[in-house]
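1. Pasting a predicted model and its sequence here:
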Amino acid sequence: MNRQRNRGRVTLASLAAMCAVAVLPGQAHAADGPGAYTFDPAATEVQGAETNAEASELKPGAVYKSSIGVGEKLYYRLELDDKTDAYVSAVVVPGTAGQVAYGDGVTVSIRDLDDSQCSSEDAIFESAEFPRPIAAYAHRTVEKDSTTCSAAGTYNVLIERESKATSAAGPWDLELRVETEPALKGGDAPPTEAPENWPSASPTPPSGKQKRTGGSSYYDATSLESGEWVDTVAPGQTRFYRVPVDWDQQIFATAALSNNNKSTEFLGNALAVALDNPAHGHVDDATLSYAGKPTSVALDPLPPVKYENRYDSASAVSAMRFAGWYYLSVTLSPKVAEQYGDTPIGLTLKINVVNEAGTTPYQGDTGIFGVTDSDRDMAKNGQSALEAGKSDTMKMVAAAGIGAGTVLVLGLGVWTLLARRRAVPAAVQPVADGQPPFGGPPRAW
């Protein structure tokens, strides 16, 4: 009987946490300013080392915040077994002020203790020479009949920064993640050759435009499904979105800018569009020039998501190796403000995910490398992961037998009790006739 009763009880600490979720304003798009990036609040500060012997360990499933200066080569450390494929991603976040040049960026690589390279990828600024978040990953994959990077033990993660002399010399922030891929079903590997052909024409997405406001980072990216989505983007601002793409499904994406009548000045590479996979590995990108008239750009046709895509030499094909949330970022050049003003410009995204979902090749929990019914619901409702988490918390409150209104009333009671405890008895002032205590009656919710 006692166990059953305890299930319906809420401790003071739990109540405080619930009240905090219920009362605090939303933090989904908490970045300050149009170019600010919202880092994952779960990120742990970590400093890269100049020598691998002093490197800090990065653990699977964790998020880290670091930084890198011009010309630096920084080491981090991984501890891996001899079975699991691992991915380390780096989101590069340069300061919004300052210049970047073609070829600026970082190289991310994983290496064994003999400095044999397991894999590497560049995150670089190309023809769109303005600061914005860009991402890349490196992976350690255990391949059959291969001795390279297959042993259990310590591995080095090396991040190297390249910046031109004309570029801003300040440090760049890094958001680092480590993800491990689930084991395959039955231990049988799928085919080792990627498909050579796939549909290149996108069917028409569902009709009817809908409003969705993009997030400011991967952490608070707004969920989208197939459809036509309307937003705005300001000069220097990056909008983030995410789309669930399951096994055997194919994603098509187009970004369009609306007209602006303040000028007709031509600006090359005014809009940068990028697509990244669930492990934050770069898939594809495109740029769009602007002259004040409606214009659009589409990402190249990408193959359906398949495990065997990893064996293709083309990086855009290889990156379509697992199901999950695919991240779309759109950045408007800060130079647009010089000719067209600071007012945000209309942005339309056409997203189309085609084909029936296939079965996962993994066994057990797929983690980020899969699409669930909950993910599809989030895409339908336009929720970010943060917003979905808050919604789940409120459901937990309801499941505990406490309505949201009761939580808020009790929360006010806790606040009143704490306020009274903090007050100094000798300093208590008499309450004027007709004046309620503590500045007024409780707010009506």
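-> Arrived safely. Residues are numbered from 1 along each chain as shown.
2. The helix or strand containing residue 244: which residues count as buried?
-> Taking DSSP states H and E as the criterion, the element that holds residue 244 is strand 238-245. Buried residues in strand 238-245, counting neighbours by 16 or more other Cβ atoms under 10 Å, are found at 238, 239, 240, 241, 242, 243, 244, 245. C-beta coordinates here come from the backbone N, C-alpha and C atoms, glycine included.
3. The last one: what's it in contact with?
-> The reference is to residue 245. 251, 305, 323, 324, 325, 326, 353, 371 (Cβ atoms under 8 Å, 6 or more residues apart in numbering).
4. Swap in 6 Å and give it another go.
-> If you count contacts by Cβ atoms under 6 Å, 6 or more residues apart in numbering, residue 245 has them with 251, 305, 326, 353.
5. Can you show me the helices along the stretch 301-445 of the chain?
-> For the stretch 301-445 of the chain, the helices defined by DSSP state H, counting those that start in this stretch cover 315-318, 336-340, 373-381, 385-399, 404-422.
6. averaged over its residues, what pLDDT does the strand holding residue 244 have?
-> For strand 238-245, the mean pLDDT works out to 98.
7. Could you single out the nearest of the buried residues of strand 238-245 to residue 160?
-> residue 238 (23.7 Å; Cβ to Cβ).
8. Skipping adjacent residues, who's closest to the closest one in space?
-> Among residues not flanking residue 238 along the chain, residue 331 sits closest, at 4.3 Å (Cβ to Cβ, 6 or more residues apart in numbering).
9. which residues sit in contact with that neighbour?
-> Going by Cβ under 6 Å, 6+ apart, the list of residues near residue 331 reads 132, 238, 272.
10. count of residues packed around the last one?
-> Read that as residue 272. Other residues near residue 272 come to 25 when the count uses other Cβ atoms under 10 Å.
11. what's the answer for the first one, then?
-> Neighbourhood size, residue 132 [other Cβ under 10 Å]: 24.
12. Determine which two of the contacts of residue 245 are furthest apart.
-> Top of the distance list for the contacts of residue 245 (Cβ to Cβ): 305 and 353, 9.9 Å.
13. between these two, what contacts are shared?
-> In contact with both residue 305 and residue 353: 245, 249, using Cβ under 6 Å, 6+ apart.
14. isn't residue 149 right next to residue 140, touching?
-> Yes: using Cβ atoms under 6 Å, residue 149 makes contact with residue 140 at a distance of 5.2 Å.
15. and for the two, which residues touch both?
-> residue 118.
16. Mind pulling up the pLDDT for the nearest residue to residue 79 once chain neighbours are set aside?
-> Counting by Cβ to Cβ, 6+ apart, residue 79 lies nearest to residue 154, which is 6.0 Å off, once chain neighbours are set aside. pLDDT for residue 154: 97.
17. can you check residue 402 too?
-> With respect to pLDDT, residue 402 has a value of 48.
18. cool, residue 418 as well?
-> Value for residue 418, per-residue pLDDT: 41.
19. cool, and residue 145?
-> Value for residue 145, per-residue pLDDT: 76.
20. what's around it, how many residues?
-> Other residues close to residue 145 by other Cβ under 10 Å number 5.
21. for residue 306, same thing?
-> Residue 306 has 24 nearby residues by other Cβ under 10 Å.
22. so how far is residue 249 from it?
-> 10 Å (Cβ to Cβ, to the nearest Å).
23. again, but for residue 64
-> 31 Å.
24. neighbour-wise, which of those two wins?
-> More crowded of residue 64 and residue 249, by other Cβ under 10 Å: residue 64, with 24 against 21.
25. List the contacts of that one.
-> Residue 64 makes contacts with 43, 44, 46, 176, as judged by Cβ under 6 Å, 6+ apart.
26. Let's see that with 8 Å instead.
-> 43, 44, 45, 46, 58, 174, 175, 176, 177.
27. part of a strand, is it?
-> Yes: according to DSSP: H, G, I helix; E, B strand; the rest coil, residue 64 belongs to a strand.
28. Distance-wise, check it relative to residue 185.
-> 31 Å.
29. wait, isn't residue 152 in contact with residue 81?
-> Yes: counting by Cβ atoms under 8 Å, residue 152 touches residue 81, with 4.8 Å between them.
30. tell me, how many neighbours does residue 294 end up with?
-> Neighbour tally, residue 294, other Cβ under 10 Å: 12.
31. how about TSV for the contacts of residue 331, with distance to residue 211 added?
-> TSV is the format used below for the contacts of residue 331 (distance: Cβ to Cβ, whole Å):
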residue	distance to residue 211
132	23
238	19
272	23
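32. Can you tell me the closest non-neighbouring residue to residue 293?
-> Nearest non-adjacent residue to residue 293, counting by Cβ to Cβ, 6+ apart: residue 259, 5.4 Å away.
33. CA atoms of stretch 50-67 as CSV?
-> Listed next in CSV are the C-alpha coordinates belonging to stretch 50-67 (Å, rounded to 0.1, in the frame of the first residue of the first chain):
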residue,chain,number,x,y,z
GLU,A,50,48.3,21.2,-27.9
THR,A,51,49.7,17.7,-27.2
ASN,A,52,47.7,14.5,-27.3
ALA,A,53,49.2,13.3,-24.0
GLU,A,54,47.3,16.1,-22.3
ALA,A,55,44.1,15.7,-24.2
SER,A,56,40.7,15.7,-22.4
GLU,A,57,38.4,12.7,-23.0
LEU,A,58,35.2,13.2,-25.0
LYS,A,59,32.5,10.6,-24.1
PRO,A,60,29.8,9.1,-26.3
GLY,A,61,26.4,10.8,-25.9
ALA,A,62,27.9,14.0,-24.5
VAL,A,63,28.0,17.5,-25.8
TYR,A,64,31.0,19.9,-25.2
LYS,A,65,31.8,23.5,-25.8
SER,A,66,35.4,24.5,-26.7
SER,A,67,37.2,27.1,-28.8
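34. Tell me which residues of that stretch come out buried.
-> Result for stretch 50-67 [16+ other Cβ under 10 Å]: buried residues 52, 55, 56, 58, 60, 63, 64, 65, 66, 67.
35. Identify, from the residues you listed, the entry nearest to residue 121.
-> Nearest to residue 121 out of the buried residues of stretch 50-67 is residue 58 (Cβ to Cβ; 16.3 Å).
36. check contacts around residue 351.
-> Applying Cβ under 8 Å, 6+ apart, the residues contacting residue 351 are 205, 224, 225, 226, 227, 228, 229, 243, 251, 252, 253, 328.
37. The first one: neighbour count?
-> Which is residue 205. Applying other Cβ under 10 Å, we find 19 residues neighbouring residue 205.
38. That one contacts residue 352, doesn't it?
-> Yes: between residue 205 and residue 352 a contact is recorded at 4.3 Å, counting by Cβ under 8 Å.
39. No more questions from me, cheers.
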